[in-house]
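Peer 1: Have a look at this fold, sequence not included:
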């Protein structure tokens, strides 16, 4: 069974400094039919103006992933971490029993465009943590590269939940497949471009929930970037 979530149907807010689109309910956008999928709670597509950003604020008991598509995102937190996240980087912050952080556009002239992803943790109250790794275009071209997992598989960042995140770049005619174990589910998010997912044509911003499917099958329709979540 495949359920599509079209980009135009997402929640939207334009704060001037921030243009954001919510795949699932978030902040002022609340839709009881779209509260998340399995352990995946948030996918926000954010565009932040130069020199602007999210001031220091706190989270707890959430696994947060930042995936930058354009520009550079500057991160600081109460653990003493300071980092800049760029395209091909994957940032994981475990909020655990509590962490404060800020995220700002590191450029004074260019937009930063990124996906903010939240997953529910397996266990509450763990120590907060931070991890950041780079996955090159070559690692993702024409295939699905694991970038986040519970056990750091394939050099991925480690998330404290039963989920795997894959990223892939697919041009026209390129294809990839992810087999799903029994009882597993998948969410596919088209970060950019166009791709065919199990026979359905999706465009940038579109998502799809897959249940009772044996595999996720991806065919590139133009230069596309695809994220696939393998979920319990």
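Peer 2: Perfect, I can see it now. A quick note: this is a predicted structure, and the numbers were derived from the prediction, not measured. Residues are numbered from 1 along each chain as shown.
Peer 1: dump the residue contacts of residue 2.
Peer 2: 197, 198, 200, 208, 209, 210, 213 (C-beta atoms under 8 Å, 6 or more residues apart in numbering). All C-beta atoms are positioned from the backbone trio N, CA, C, and that covers glycine.
Peer 1: and which of those residues is nearest to residue 52?
Peer 2: residue 208 (31.6 Å; C-beta to C-beta).
Peer 1: Any idea what that closest one is bridged to?
Peer 2: For residue 208, the beta-bridge partners under DSSP bridges are residue 4, residue 188.
Peer 1: Looking at neighbours, which among the contacts of residue 2 is most surrounded?
Peer 2: Neighbour tally across the contacts of residue 2 (other C-beta atoms under 10 Å): the maximum, 25 neighbours, falls on residue 210.
Peer 1: Tell me what the residue nearest to residue 29 when sequence neighbours are not counted is bridged to.
Peer 2: Nearest non-adjacent residue to residue 29, counting by C-beta to C-beta, 6 or more residues apart in numbering: residue 11, 3.1 Å away. As for beta bridges, residue 11 partners with residue 22 under DSSP bridges.
Peer 1: Could you tell me how many residues sit around residue 11?
Peer 2: Residue 11 has 18 nearby residues by other C-beta under 10 Å.
Peer 1: Do you know the pLDDT at it?
Peer 2: With respect to pLDDT, residue 11 has a value of 98.
Peer 1: cool, residue 40 as well?
Peer 2: The model reports residue 40 with a pLDDT of 98.
Peer 1: thought it was touching residue 186?
Peer 2: No - using C-beta atoms under 8 Å, residue 40 is not in contact with residue 186, being 10.0 Å away.
Peer 1: who are the neighbours in contact with residue 38?
Peer 2: 163, 185, 187, 231, 232.
Peer 1: do the same with residue 62
Peer 2: Taking C-beta under 8 Å, 6+ apart, we find residue 62 in contact with 41, 95, 118, 119, 120, 121.
Peer 1: ok, residue 85 touching residue 104?
Peer 2: No - the criterion here is C-beta under 8 Å, and residue 85 misses it with residue 104 at 11.0 Å.
Peer 1: which of the two has more neighbours?
Peer 2: The neighbour comparison of residue 85 against residue 104 (other C-beta under 10 Å) goes to residue 85, with 22 against 19.
Peer 1: and that one, bridged to which residues?
Peer 2: Beta-bridge pairing for residue 85 (DSSP bridges): residue 73.
Peer 1: on that earlier part again, what's the farthest-apart pair in the contacts of residue 38?
Peer 2: For these, the farthest-apart pair by C-beta to C-beta is 187 and 232; their separation is 12.0 Å.
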